[in-house]
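>>> Below: sequence and its predicted model.
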Amino acid sequence: MFTVAAFYHFAPLADPAALRAPLLALGHGAALRGSILLAPEGINGTVAGPAGGIAALLAHLRALPGCATLVSKESAARTQPFGRLKIRLKREIVTMGRPDISPHAGTGTYVAPADWNALISAPDVAVIDTRNSYEVAIGSFVGAIDPGTRAFGDFPAWWAAHKPAFKGKRIAMFCTGGIRCEKATALLRSEGVEDVYHLRGGILKYLEEVPADQSLWQGGCFVFDQRVAVGHGLVADTGHSLCHACRQPLTPTDRAHPDYQEGVACHRCAADQTETQRARFRERQRQIDIARARGQTHLGPQPAPRP
């Protein structure tokens, strides 16, 4: 059994590049895999490995200046959901494309999972899902508004176009683990929206703490690893898989589509592929099939891109 830790923390990092080598050394020594993003504004990552290795990593991160309160959401996976460990330097740990917007300047009011149902059921509250459209398609809260964005960087333009429709409303926002809402609520606050709230710990914390029979969540929650989606109790939703070409989630219905070829294409990306790309994907899938037949683990597809 592997422990999967998802975490982020906004804190000014004077020299993110200097943190990379020590983290790689610790991660490789502790048999950890996954992805960690480092930027001047903070840290964002999802990593899996032995429980002891995860504990060592979190202790290391919390010892960094300004990171003592870093919070991790942990779940379990029967197999290692990542192919390798990657630590990348970025301009932002979650890309909104608005460097002028900083959670350090103020975000929305945090709402605990236990109090979320009451908030989003209130008649004067508009609930906005800040995730991308392919994530929303898997599952969301009852009555939530889907902005239809393809990337988080599209959210500011969507809000600018639809802001008048929310006049007089309290705004409740949510995302997978909470990080996108830090910036989305900061954006709204910067534009004078006072009554803006966001779900503390995100959907993952809600699914972990709120019993299924009391839940207002419908469907699965997309996660950025090979589990693809999780449900209540953070149990992997085995009905979903990833298209290894475009990295978007697939339902059983999607896999029955005529354009679907395992490891090669799905109905969303088939028309956009070149023959060179198709040939490369077919060869990759052939190597995966060979390894599987031999009882070996192929490195295989890499984790889905982070938001």
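Right, received. Where do you want to start?
>>> So which residues of the protein form helices?
Under the criterion DSSP state H, the chain carries helices at the ranges 16-29, 51-62, 113-120, 133-136, 155-162, 179-190, 202-209, 252-255, 275-293.
>>> Just name the most buried of those.
helix 179-190 (a mean of 24; mean count of other Cβ atoms under 10 Å). Bear in mind the C-beta positions are built from the backbone N, C-alpha and C, glycine included.
>>> follow-up on the earlier one: got the helices of the chain as TSV, with distance to Ala126 and mean pLDDT columns?
Below are the helices of the chain laid out as TSV (distance: least, Cβ to Cβ, whole Å; pLDDT from 0 to 100):
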stretch	distance to Ala126	mean pLDDT
helix 16-29	36	97
helix 51-62	35	97
helix 113-120	9	98
helix 133-136	16	92
helix 155-162	10	96
helix 179-190	11	94
helix 202-209	18	94
helix 252-255	30	90
helix 275-293	41	86
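>>> Could I get those helices in TSV, plus columns for distance to Ala6?
Formatted as TSV, the helices of the chain follow (distance: least, Cβ to Cβ, whole Å):
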stretch	distance to Ala6
helix 16-29	15
helix 51-62	11
helix 113-120	15
helix 133-136	14
helix 155-162	20
helix 179-190	9
helix 202-209	6
helix 252-255	25
helix 275-293	26
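>>> burial count for the closest residue to Arg284 other than its chain neighbours?
Among residues not flanking Arg284 along the chain, Gly263 sits closest, at 6.3 Å (Cβ to Cβ, 6 or more residues apart in numbering). Gly263: 19 surrounding residues under other Cβ atoms under 10 Å.
>>> Of all the helices of the chain, which one is nearest Thr107?
Between Thr107 and the helices of the chain, the tightest spacing by Cβ to Cβ is seen for helix 179-190, at 4.6 Å.
>>> For the closest one, which helices and strands make contact with it?
Counting contacts by 3 or more Cβ pairs under 8 Å, 6 or more residues apart in numbering; DSSP states H and E, helix 179-190 is packed against strand 2-10, helix 155-162, strand 170-174, strand 196-199.
>>> will you turn the ones you listed into TSV that also has distance to Gly49?
Formatted as TSV, the helices and strands packed on helix 179-190 follow (distance: least, Cβ to Cβ, whole Å):
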stretch	distance to Gly49
strand 2-10	6
helix 155-162	32
strand 170-174	28
strand 196-199	27
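>>> quick one, which of these is nearest to Asp237?
strand 2-10 (14.2 Å).
>>> Output the closest one as PDB, nothing but the C-alphas.
Provided in PDB are the C-alpha atoms of strand 2-10 (Å, rounded to 0.1, in the frame of the first residue of the first chain):
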ATOM      1  CA  PHE A   2       1.300   3.500  -0.900                       C
ATOM      2  CA  THR A   3       0.500   6.800   0.800                       C
ATOM      3  CA  VAL A   4      -0.400   9.600  -1.600                       C
ATOM      4  CA  ALA A   5       0.100  13.100  -0.200                       C
ATOM      5  CA  ALA A   6      -1.300  16.200  -1.900                       C
ATOM      6  CA  PHE A   7      -0.100  19.500  -0.600                       C
ATOM      7  CA  TYR A   8       0.400  23.200  -1.400                       C
ATOM      8  CA  HIS A   9       1.500  26.200   0.600                       C
ATOM      9  CA  PHE A  10       1.800  29.900  -0.400                       C
END
